[in-house]
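**Q** For reference, the sequence and a predicted model appear below.
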Amino acid sequence: MIISSSSMEAVEESLGEARKTFSSGKTRSVEWRKKQLRALIELIHDNEENIFKALHDDLGKHPTEAYRDEVGVVLRSLDTALSSIEKWVAPKKSSVPLLFFPAKGEVLPEPLGAILIFSSWNFPFSLALDPLIGAISAGNTVILKPSDQAPACSSLLANTIPLYLDCNAIKVIEGGPETSERLLQLKWDKIFFTGSPRVGQLVMFAAAKHLTPVVLELGGKCPTILDSLSNPRDFKVAVKRIVGGKWGPCSGQACIGIDYLLVEEKSASTLIELLKKIIGRFYGENPRESKSMARIVNKHHFARLHNLIKDPRVAASIVHGGTLDEDSLFVEPTILLDPPLDAEIMTEEIFGPFLPIITLKNIEESIEFVNSRPKPLAIYAFTKDETLKRRIISETSSGSVTFNDVMIQFLCDTLPFGGVDQSGFGRYHGKYSFDTFSHEKAVMQGSFFPEIEPRYPPWTLFKIKFIRLAYRLDYFRLVLLLLGLKR
């Protein structure tokens, strides 16, 4: 069902139908879940070229980038879910203390109900379909609200999903902020939001009215720590990965992209020259003509980026790039050396193709620098120093830490993905997605024998002694004690 410019009545009707479908019990069937997942695979295979075109229309993404960051991510997630879902839904036996013998315990994952997913514009397919896969795998009904800032992708999702998936259980609602506000007025069983911290606050505020649990996948200023690697080859590989992690995914418009770089003063000039060289190799002498670099999503975000470097103090720190073209929404890969730390470019998430380099006397100072700022979604560190690695892990806090590479943690289904503090909370990917959209229900099977009388009033000195011991001793010793005390 597609709803554009949604009225409150239409939104409520859509949610009501999703709840009715959930109440029917059909989504609890493993076969139903598998059927929807297979249908998603079919949707992607049938519409791959349309997906590439929509991503190019909205963001200027090359098909290779689109497959790497969107299509491939979703297909891999679908394969993981299809091959694992039977194991995920199976009840898990739980160890029960002998005190409760012969009772048995298990943990049963059950679906939550009606889920609301807000996806983001920078990866409009993977950030819509990846959480959807988790919600379906867990047996929920879903209302998906794509970002209106990627209109071609939103339209494609709205027009294709009802053709492939169960339209009584999985719906797409298009619209702008007004539609989102209407959706948030309703009671959901869980809300999954990907976007900015500012909007995340609004989502959480609205959810609190109904005590709705939320997952917030936000962002933050993700630092990269570059140690002075003694091997020139390692240093070159590190810089290549930094260039790929800064400008490769959606022209820097990525929540887990590199925001700024920390390096020792002695390495700065070598680093900058190598960055320039690799940028030229990746995007040519005139990046404006490159087909391998995505564009800024719209004029609003272009103006925001322009404002970041309008400050004369910031402009003076530019050592490479700095060209902007509003007509084509192009921003050149730009390197800044030691911009003022109180400037907006160093206090707000950049979300674009500017790379500030901050120099330090020694790389160990990077830990204090990172800790002086809000907790990031990711920390990247290129180093062979095991002591520095241990310090980064133990002395900093972030959604994830990746050593000697960038952004690969997002593609690893066996690791949870999510933020901490201002960078968000909740986690997903692989089994973690299933868990996020499930309730782990504790089930305990008791027995009518034996009947331990000291658990009941009237209270006596004997009973309090017995209860004290019950918390300290195992079951069989307790029974023996009880028999002895009774004699």
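**A** Good, I have the coordinates.
**Q** residues of the one helix or strand residue 346 maps to that come out buried?
**A** In this assignment (DSSP states H and E), residue 346 forms part of helix 344-347. Residues 344-346 are the ones in helix 344-347 that count as buried (16 or more other Cβ atoms under 10 Å). C-beta: built from backbone N, CA, C; applies to glycine.
**Q** One more: stretch 42-58?
**A** 43-44, 47, 51-56, 58.
**Q** neighbours around the closest residue to residue 7 other than its chain neighbours, how many?
**A** In this structure, residue 7 finds its nearest non-sequential neighbour in residue 182, 7.9 Å apart by Cβ to Cβ, 6 or more residues apart in numbering. For residue 182, the neighbour count with other Cβ atoms under 10 Å is 18.
**Q** Am I right that residue 182 sits in a helix?
**A** Yes. Counting by DSSP: H, G, I helix; E, B strand; the rest coil, residue 182 is part of a helix.
**Q** Just the pLDDT for it.
**A** Residue 182 carries a pLDDT score of 94 in this model.
**Q** Going by residue numbers, what spans are strands in the stretch 251-400 of the chain?
**A** Ranges of strands in the stretch 251-400 of the chain, per DSSP state E, counting those that start in this stretch, are 260-264, 318-320, 324-325, 330-331, 334-337, 354-360, 378-382, 400-403.
**Q** my bad, the stretch 101-250 of the chain
**A** 104-111, 114-118, 141-145, 170-173, 190-194, 214-217, 223-226.
**Q** could you pull out the helices for the stretch 151-300 of the chain?
**A** Using DSSP state H, counting those that start in this stretch, the helices of the stretch 151-300 of the chain run over residues 151-164, 177-184, 197-209, 232-247, 268-283, 299-310.
**Q** can I get the buried residues of helix 344-347 in TSV with distance to residue 101 and pLDDT?
**A** Below are the buried residues of helix 344-347 laid out as TSV (distance: Cβ to Cβ, whole Å; pLDDT from 0 to 100):
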residue	distance to residue 101	pLDDT
344	64	97
345	64	98
346	61	98
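**Q** Adding distance to residue 9, write those residues out as CSV.
**A** Below are the buried residues of helix 344-347 laid out as CSV (distance: Cβ to Cβ, whole Å):
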residue, distance to residue 9
344, 42
345, 45
346, 47
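**Q** So what sits opposite the residue found closest to residue 95 once you drop the neighbours it is linked to in the chain in the bridge?
**A** Closest residue in space to residue 95, ignoring its immediate chain neighbours: residue 105 at 7.5 Å, by Cβ to Cβ, 6+ apart. On the basis of DSSP bridges, residue 105 is bridged to residue 94, residue 444.
**Q** Give me the number of neighbouring residues for residue 105.
**A** 16.
**Q** And for residue 325?
**A** Residue 325 has 13 neighbours, counted by other Cβ under 10 Å.
**Q** and it, what does it touch?
**A** 288, 331 (Cβ atoms under 8 Å, 6 or more residues apart in numbering).
**Q** ok so, going back, of the strands of the stretch 251-400 of the chain, which approaches residue 239 most closely?
**A** strand 378-382 (8.8 Å; Cβ to Cβ).
**Q** What helices and strands are in contact with the closest one?
**A** strand 223-226, helix 232-247, helix 386-395, strand 400-403 (3 or more Cβ pairs under 8 Å, 6 or more residues apart in numbering; DSSP states H and E).
**Q** out of these, deepest packed?
**A** Comparing the helices and strands packed on strand 378-382 on average neighbours per residue, with mean count of other Cβ atoms under 10 Å, the densest one is strand 223-226 at a mean of 24.
**Q** State the distance from residue 222 to residue 380.
**A** Using Cβ to Cβ, to the nearest Å, residue 222 is found at 7 Å from residue 380.
**Q** which residues are common contacts for the two?
**A** residue 258.
**Q** picking up where we left off before, which other helices and strands does the helix holding residue 346 contact?
**A** Using 3+ Cβ pairs under 8 Å, 6+ apart: helix 344-347 touches helix 299-310, strand 354-360.
**Q** Distance-wise, check residue 174 relative to residue 253.
**A** Using Cβ to Cβ, residue 174 is found at 21 Å from residue 253.
**Q** Residue 12 and residue 186 touch, don't they?
**A** Yes. Using Cβ atoms under 8 Å, residue 12 is in contact with residue 186, at 6.7 Å.
**Q** between those two, which one's more packed in?
**A** A direct count of neighbours by other Cβ under 10 Å for residue 12 and residue 186 places residue 186 higher, at 18 against 14.
**Q** which residues does that one contact?
**A** Contacts of residue 186 were listed using Cβ under 8 Å, 6+ apart, and they are 11-12, 15, 210.
**Q** and if you look at residue 321?
**A** Residues in contact with residue 321 (Cβ under 8 Å, 6+ apart) are 332-335, 353.
**Q** what about the helices in the stretch 351-487 of the chain?
**A** 365-371, 386-395, 431-436, 461-470, 475-486.
**Q** Out of those helices, indicate the one that is most buried.
**A** The highest mean neighbour count among the helices of the stretch 351-487 of the chain, using mean count of other Cβ under 10 Å, belongs to helix 431-436: a mean of 22.
**Q** For that one, which outside residues touch it?
**A** Against helix 431-436 from outside (Cβ under 8 Å, 6+ apart): 77, 81, 84-85, 88, 109, 130-131, 133-135, 137-138, 190, 192, 215, 413-414, 416-418, 426-428.
**Q** again with stretch 277-295
**A** Residues contacting stretch 277-295 (Cβ under 8 Å, 6+ apart): 59-62, 64-65, 239-240, 243-244, 247-248, 250-251, 253, 320, 323, 325, 328-330, 332-333.
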